[in-house]
Structures are given as C-alpha cells and as structure tokens.
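J.: everything below, folded, please.
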Amino acid sequence: LHRSRPSQWQVEVVHLPYGCGIMFGIIGNKKPVSSSCFEITCFSWGDDNDVWVAGSLHQKYLGSWDGWKAGDKGIFAYSPSCATLFLRLLREGDVREFYIDNNNLPDGAFVHLNFYYGTTVRFSRAV
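T.: Here you go, the predicted structure:
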C-alpha cells in the first residue's frame with residue numbers, strides 16, 4: 001500500500017464453508033507469524049464478531065461487527081496520514097461502515113487476506 005496517500009481495495013466473499021475462519025484488513029509484516037491474527041501489525045475484521053487490533057482480539061468492537069458472510073463485499077480504505085483503516089460492508093442491499101483508528105497502524109502496510117481452504121474470495125481495486 002502507498003505510504004503517503006490513501007489506498008482502496010475490495011474483497012467479495014463468494015463462498016464461505018461453515019466453520020471456516022476468514023480475516024481481511026492490513027498487516028505491516030511481510031513474513032508474519034504462522035497465526036497472522038496474533039501479529040502485532042495485524043489490523044483486520046474476522047469471522048464471528050472478531051476484530052483484530054495490533055494482534056489482539058476485540059469482540060463486539062466498534063460498529064457491532066458480526067463477521068463475514070457469503071455474498072458480502074467489503075470496500076477498504078487505508079489512510080496512513082490519519083492512521084485509520086475503513087471498511088464499507090455491502091450486504092444484501094444494506095451498507096454498514098466500520099473503522100479501526102489507532103496510532104499503532106503500520107507505516108508500511110500490506111493488504112491482509114487470511115482464509116481457509118475451500119473459501120472463495122474475489123480481490124480487486126476499489127472502483
């Protein structure tokens with residue numbers, strides 16, 4: 001991701017088998033620990049009501065996050081200048097917005113996609 005200007009991308013959950021973990025957001029380490037959610041540079045929205053902030057789990061986080069579902073489209077925006085990661089979730093005609101606002105967001109960040117075998121997602125630039 002660009003270090004000095006906002007970046008945008010989108011992820012669509014095409015198929016999500018029951019019980020499969022999924023997590024999308026950003027991470028600052030190119031080679032994270034094997035369970036990337038515990039990486040101190042991980043800032044992501046996961047399954048159920050899990051939100052990962054600096055490698056720590058926060059359930060029932062800001063905005064009543066309830067996890068990814070098949071058919072969801074997430075449009076992400078990362079603004080390094082204001083240290084904020086935004087998510088606009090499109091689900092069955094509804095639009096919900098979430099954010100992670102934290103001074104510990106990594107300066108050099110990468111898109112973070114983490115999901116189990118059998119899950120299908122589409123990743124692209126936001127339009």
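J.: going by C-alpha atoms from here, please, whenever you check contacts or count neighbours.
T.: Fine.
J.: quick one: name whatever helix or strand follows the helix or strand harbouring residue 77.
T.: Applying DSSP states H and E as the criterion places residue 77 in strand 73-79. Reading on from strand 73-79 to the C-terminus, the next helix or strand found by DSSP H and E is strand 84-91.
J.: that following strand packs against which elements?
T.: For strand 84-91, the packing partners by 3 or more Cα pairs under 8 Å, 6 or more residues apart in numbering; DSSP states H and E come out as strand 73-79, strand 94-101.
J.: with just CA atoms, put it into PDB.
T.: C-alpha atoms of strand 84-91 as PDB (Å, rounded to 0.1, in the frame of the first residue of the first chain):
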ATOM      1  CA  THR A  84      -7.300   4.900  10.000                       C
ATOM      2  CA  LEU A  85      -8.500   1.800   8.300                       C
ATOM      3  CA  PHE A  86     -12.100   2.000   7.000                       C
ATOM      4  CA  LEU A  87     -14.400  -0.800   5.800                       C
ATOM      5  CA  ARG A  88     -17.700  -0.200   4.000                       C
ATOM      6  CA  LEU A  89     -19.600  -3.500   4.100                       C
ATOM      7  CA  LEU A  90     -22.200  -4.200   1.400                       C
ATOM      8  CA  ARG A  91     -24.600  -7.000   2.500                       C
END
